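A.B. asks: Sequence first, predicted model second:
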Amino acid sequence: MTTAMFHVKHWPSAGKRGSKRGQDGSRGGLDGASRGLKTAGLAFCAAMLAACSSPEDVADKTGVGKATATASAGGNAAATASAAAAAEQAAGAVAFEDNSSKDEAVREFAYSWPAQVSAVPELVGRLTGERDTLLADQKAEWNEAIREFAGQDCVSCVNRGFEKSWQVVADLPRYLSLSADFYVYTGGAHGNSAHDALVWDREAKAAFDPKAMFTSPAALQTALGDAWCKALKVERMKRMGDDYSDDGFFQCPPIADLTVLPGSSNKQTFNRIGLLAAPYVAGSYAEGTYEVTLPVTAAVLKAVKPEYKAAFAAAK
């Protein structure tokens, strides 16, 4: 059985939004997202709609609420989780904004993360570095656009926007699984959007792409590909109705082209996998993001690298 992990929302262009949206994800890891707003806008020129969700939505669908550290007798992971829980209580969610305007030119920038991230200094440093790089790139590109289009009646040419919001997918004793939605507007009729994901290892104090937990893209495709394509077809038929056709331009994309989100319903192990296909990855602009959650099966466990086997369990 498959269920959606997030709710889809539509984000209008920067400069046309009446109010800032609340804290509510991306292809590749942080390094890929840090290439600069101008590059990001080109890289995601096919993505026109965005999927975003509140932490409450994610909790309802994945079984994860506020950070929960369940102690296991004598376990290093439990001790780490207990310390993390205490730190989290002392920390708080961060919602950073930096906005400017020059005549009709508007620049908006927002970057946020939950309290679970604030409790990890190393992770805060990583995300702060990405945020600062993206903001500097946006400011430079915005000022360049203002100079280039000076005296021209083209508001959309000089408006810029960026929003990225991280949220918890699963909080286990050792691992923190995060997803992010981000939106880039670099002029024109509309902006671009995509998703990001990472897993934080509390013991190793390291962040990595969730796909790194599996032996290879081919192994992950073997484990999830058929179920993903079947679920995607069902979702596309629901959205498109009589307009659906399985011989059109968009075929079922490989898992390698998706954002992979390890999730949990028991707060102890990863027992479900969320898959996100941004607009134009699996369907047209009008279809938006496709989101599917699949259970961890024996086939999935077979694809997990030995060092991460203990973190996964088959869904019951």
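C.D. replies: Alright, I've got the coordinates. Every value quoted in this text rests on a predicted model; they were computed, and no experiment measured them.

A.B. asks: so residue 199 sits right up against residue 263, yeah?
C.D. replies: No - applying C-beta atoms under 8 Å, one finds residue 199 not in contact with residue 263, separated by 11.2 Å. The C-beta positions use only the backbone N, C-alpha and C, and glycine is treated the same way.

A.B. asks: Tell me which of the two has more neighbours.
C.D. replies: Here residue 199 and residue 263 are set side by side on neighbour count (other C-beta atoms under 10 Å), and the busier one is residue 199, at 26 against 23.

A.B. asks: For the more buried one, give me its contacts.
C.D. replies: 175-178, 207-210, 213, 262 (C-beta atoms under 8 Å, 6 or more residues apart in numbering).

A.B. asks: most neighbours, which of those?
C.D. replies: Top of those by neighbour number is residue 262, holding 28 neighbours under the definition other C-beta under 10 Å.

A.B. asks: State the pLDDT value of that residue.
C.D. replies: Reading off the per-residue confidence, residue 262 sits at a pLDDT of 98.

A.B. asks: which SS class is it?
C.D. replies: Assigned state for residue 262: strand (three-state reduction, DSSP: H, G, I helix; E, B strand; the rest coil).

A.B. asks: Just give the nearest non-adjacent residue to it, would you?
C.D. replies: In space, residue 262 comes closest to residue 270 once its chain neighbours are excluded; the distance is 4.1 Å by C-beta to C-beta, 6 or more residues apart in numbering.

A.B. asks: I'd say that neighbour and residue 172 touch.
C.D. replies: Yes - counting by C-beta under 8 Å, residue 270 touches residue 172, with 7.2 Å between them.

A.B. asks: which of these two has more neighbours?
C.D. replies: Relative neighbour count places residue 270 above the other of residue 270 and residue 172, with 27 against 24, counting by other C-beta under 10 Å.

A.B. asks: ok now do that one, which residues does it touch?
C.D. replies: Residues touching residue 270, when contacts are defined by C-beta under 8 Å, 6+ apart, comprise 170, 172, 175, 177, 262-264, 296, 311-313.

A.B. asks: What separation do you get for it and residue 260?
C.D. replies: Residue 270 sits 11 Å away from residue 260 when distances are taken as C-beta to C-beta, to the nearest Å.

A.B. asks: how near is residue 178 to residue 110?
C.D. replies: If you measure residue 178 against residue 110 using C-beta to C-beta, the figure is 17 Å.

A.B. asks: re the thing from before, next one, pLDDT for the residue nearest to residue 262 please.
C.D. replies: At residue 270 the predicted local confidence, pLDDT, stands at 98.

A.B. asks: Let me know the distance separating it from residue 99.
C.D. replies: Taking C-beta to C-beta as the measure, residue 270 falls 38 Å from residue 99.

A.B. asks: isn't residue 314 right up against residue 302?
C.D. replies: No - between residue 314 and residue 302 no contact is recorded; they are 10.8 Å apart, counting by C-beta under 8 Å.

A.B. asks: For the protein, just list every one of the strands.
C.D. replies: When assigned using DSSP state E, the strands of the chain occupy the ranges 8-9, 50-51, 94-97, 100-102, 105-113, 160-171, 175-185, 192-201, 206-208, 259-263, 272-277, 290-295.
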